[in-house]
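Chemist: Predicted structure and sequence below. I'll ask about it afterward.
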Protein chains: 2
Amino acid sequence: MLEVKPQPESAPDRSGPQTGVSIAEAARRTGVSMHTLRYYERAGLVVTPVDRTTGGRRRYQQLDLDWITVCTRLRATGMPIKTIRRYAQLVSAGYGNEQERLALLEAHRADVAARLAEIRENLTLIDHKIDVYRGRLAAGDADRLWAPVRRAQGYSD
Amino acid sequence: MLEVKPQPESAPDRSGPQTGVSIAEAARRTGVSMHTLRYYERAGLVVTPVDRTTGGRRRYQQLDLDWITVCTRLRATGMPIKTIRRYAQLVSAGYGNEQERLALLEAHRADVAARLAEIRENLTLIDHKIDVYRGRLAAGDADRLWAPVRRAQGYSD
DNA sequence: TTAGGATTTAGAGCGTGCTCGAAGTCAAGC
DNA sequence: GCTTGACTTCGAGCACGCTCTAAATCCTAA
């Protein structure tokens, strides 16, 4: 859980490179390309705006990096950008909508679980096919003897 | 395993609707839209050409339907169209390349297994987040008392 | 015979999620 | 001050997998 945007109590110093890291470093640390980091920002996948230097360069704080990591996890489990944006909006709205956030995450979890089950099921069927090929190859394709091709254009996948 | 294209020993009768089903019926039976069935055909996801009536309408035999089902399984597990086409080509090339088919399927299986593992891992992390929200809601957000917001712009996802 | 629904083709269009490019700005070292 | 390279914006481009359209043709039922 990301708890607090760690800004100093006094006015935040956004003038220099003293605090936070560059977008290149953020990309390195999160494994997300610079292009994609900017795209995520444009797409509204932000909870608080990323700090900028006086010159307009982005400075990523640890909290920003943590949030990006959350985004990559949601993406990795197939959550669409739109839904992540919605979640980001809820989070940035502050306390009071935990119920809604929970509902969103639980719905997503159900989606993922369903997809996992479907993939597993289909994978099982593919595994059977693999087993048949293995057996066929191990037997030197002996099954042709007892399950011969009956038509010139026949095939067996 | 689809074993044989079941055509009559004599010249196949492709004149009427007597044998096989229409594309609409094939769509209904496979759960794949007519548009997509035609798209798959154009994309080379065929092992033997689908029969046609004299008027040029497609007639799907059971074997065709079975192959389409195989395709949907491969798609459902994330195999790209290109790879399925490659597999289709191997199958349609007939006996003798089982080794290559097996390698293709095993590579796919490894891909799927890796993706499953990744999704599961990320889902676990999301589950933790869900648990925190559940606890927070159950406690009436009591954690604010002992983990209070320290900054006006702080947030917690 | 004919009306109307089903099917055909090739190509265009679309939604998603990046990924790239161009032209301009910033900043660090010499 | 100047050079060089990192960074900026924002629109275009791309890969994928469908999804739809239009105009023509086919087929069935009345």
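Modeler: Nice, thanks for sending it over. Residues are numbered from 1 along each chain as shown, chains lettered A, B, ... in the order given.
Chemist: Please identify the buried residues of the host helix or strand of A:T36?
Modeler: With secondary structure defined by DSSP states H and E, A:T36 is part of helix A:34-42. Burial within helix A:34-42, assessed by neighbour count using 16 or more other Cβ atoms under 10 Å in any protein chain shown, is assigned to A:36-37, A:40-41. Using the backbone N, CA and C atoms, a C-beta is placed for each residue, glycine as well.
Chemist: interface residues of chain A facing DNA strand C?
Modeler: Proximity of chain A to DNA strand C, by Cβ under 7 Å from any atom of the strand, involves residues A:16-17, A:33, A:35-36, A:38-39, A:53-57, A:75, A:80-82.
Chemist: sorry, back to before: closest one of the buried residues of helix A:34-42 to A:R134?
Modeler: The closest of the buried residues of helix A:34-42 to A:R134 turns out to be A:T36 (Cβ to Cβ; 40.5 Å).
Chemist: got the contact list for that closest one?
Modeler: By Cβ atoms under 8 Å, 6 or more residues apart in numbering or on different chains, the contact list for A:T36 is empty.
Chemist: can you give me the helices for chain A?
Modeler: Ranges of helices in chain A, per DSSP state H, are A:23-30, A:34-42, A:62-76, A:81-92, A:98-138, A:143-146.
Chemist: Can you name every helix or strand that the fifth one contacts?
Modeler: Just to be clear, that refers to helix A:98-138. helix A:81-92, helix B:62-76, helix B:98-138 (3 or more Cβ pairs under 8 Å, 6 or more residues apart in numbering or on different chains; DSSP states H and E).
Chemist: got JSON lines for the helices of chain A, with distance to B:L104 and mean pLDDT too?
Modeler: Output for the helices of chain A, formatted as JSON lines (distance: least, Cβ to Cβ, whole Å; pLDDT from 0 to 100):
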{"stretch": "helix A:23-30", "distance to B:L104": "34", "mean pLDDT": "98"}
{"stretch": "helix A:34-42", "distance to B:L104": "31", "mean pLDDT": "98"}
{"stretch": "helix A:62-76", "distance to B:L104": "25", "mean pLDDT": "98"}
{"stretch": "helix A:81-92", "distance to B:L104": "32", "mean pLDDT": "97"}
{"stretch": "helix A:98-138", "distance to B:L104": "10", "mean pLDDT": "96"}
{"stretch": "helix A:143-146", "distance to B:L104": "20", "mean pLDDT": "47"}
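Chemist: just to revisit the earlier point, right, so the helices and strands packed on helix A:98-138: which one is the most enclosed?
Modeler: Most buried of the helices and strands packed on helix A:98-138, by mean neighbour count (mean count of other Cβ atoms under 10 Å in any protein chain shown): helix B:62-76, with a mean of 20.
Chemist: Which members of the residues of chain A next to DNA strand C are the farthest-apart pair?
Modeler: The span of the residues of chain A next to DNA strand C, defined through Cβ to Cβ, is set by A:G16 and A:P80 at 37.4 Å.
Chemist: Only C-alpha atoms, please: export stretch A:33-40 in CSV.
Modeler: C-alpha atoms of stretch A:33-40 as CSV (Å, rounded to 0.1, in the frame of the first residue of the first chain):
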residue,chain,number,x,y,z
SER,A,33,9.8,2.4,-21.3
MET,A,34,10.0,6.2,-21.2
HIS,A,35,7.6,6.3,-24.1
THR,A,36,5.1,4.2,-22.2
LEU,A,37,5.6,6.2,-19.0
ARG,A,38,4.6,9.3,-20.8
TYR,A,39,1.7,7.5,-22.5
TYR,A,40,0.4,6.3,-19.1
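Chemist: Establish whether that stretch and DNA strand D are in contact.
Modeler: Yes: Stretch A:33-40 is in contact with DNA strand D by Cβ under 7 Å from any atom of the strand, via A:34, A:38.
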